[in-house]
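>>> quick one, fold the following:
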Amino acid sequence: MHHSRFEDAVRDLLRRDGCRDAVRVGGAGDLGADVTATDPFGRRWVVQCKHRRQGLAGSPVGTPDFQVLNGTARQVHGADVAVIVTNGRVTAPAVDFAGRQRLHVVDREVLGAWASGGRPLWQLLPAVPPPRSPPRGERLP
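Alright, predicted model coming up:
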């Protein structure tokens with residue numbers, strides 16, 4: 001799969017989960033955002049996709065990728081939730097950095113669970129910010 005198709009697939013998963021405005025914005029000069037979306041609860045998602053041609057056998061996603069996301073997701077793109085999605089693996093230092101910076105990691109295992117269709121991404125990730133607004137047509141408790 002080409003990296004742009006991977007970005008399209010992530011966008012489509014967010015749309016499936018109810019993010020009607022999910023768009024692929026990746027490309028040269030994307031400033032760390034390949035897909036942006038607003039979930040049914042009003043949270044703004046900024047996703048950086050890291051496709052590895054060799055999957056788990058490919059190079060892992062490292063701390064520098066998370067540093068770029070951390071420097072742009074909230075400040076430039078207005079993210080409530082900043083995520084890196086990969087079909088591969090993530091280094092332990094990168095996972096540690098992500099946790100300290102409130103960034104979310106979707107590695108191959110989480111991606112598989114998400115793609116299986118059982119639950120939306122926000123139900124699979126720990127410590128997602130609370131909703132900004134109720135889902136369309138509903139009220140928050």
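>>> how about residue 93: what's its closest non-neighbour residue?
Counting by CB to CB, 6 or more residues apart in numbering, residue 63 is the residue found nearest to residue 93 once chain neighbours are left out, at 5.2 Å. Where C-beta positions appear, they are placed from N, C-alpha and C, glycine not excepted.
>>> what do you get for residue 16?
In space, residue 16 is closest to residue 117, 7.3 Å off (CB to CB, 6+ apart).
>>> now do the one you found against residue 69, distance only.
Residue 117 sits at a distance of 26 Å from residue 69 (criterion: CB to CB, to the nearest Å).
>>> what does residue 97 give?
Here the distance between residue 97 and residue 69 works out to 10 Å (CB to CB).
>>> ok, those two, which is more surrounded?
Shown here are residue 97 and residue 69; by other CB atoms under 10 Å, residue 69 has more neighbours (25 against 20).
>>> now do the contacts for the closest residue to residue 51 other than its chain neighbours.
Nearest non-adjacent residue to residue 51, counting by CB to CB, 6+ apart: residue 6, 3.8 Å away. By CB atoms under 8 Å, 6 or more residues apart in numbering, the residues touching residue 6 are 49, 51, 87.
>>> again, 10 Å this time
When contacts are counted by CB atoms under 10 Å, 6 or more residues apart in numbering, residue 6 touches 24, 26, 34-35, 49-53, 85-87, 111.
>>> nice, that's everything, thank you.
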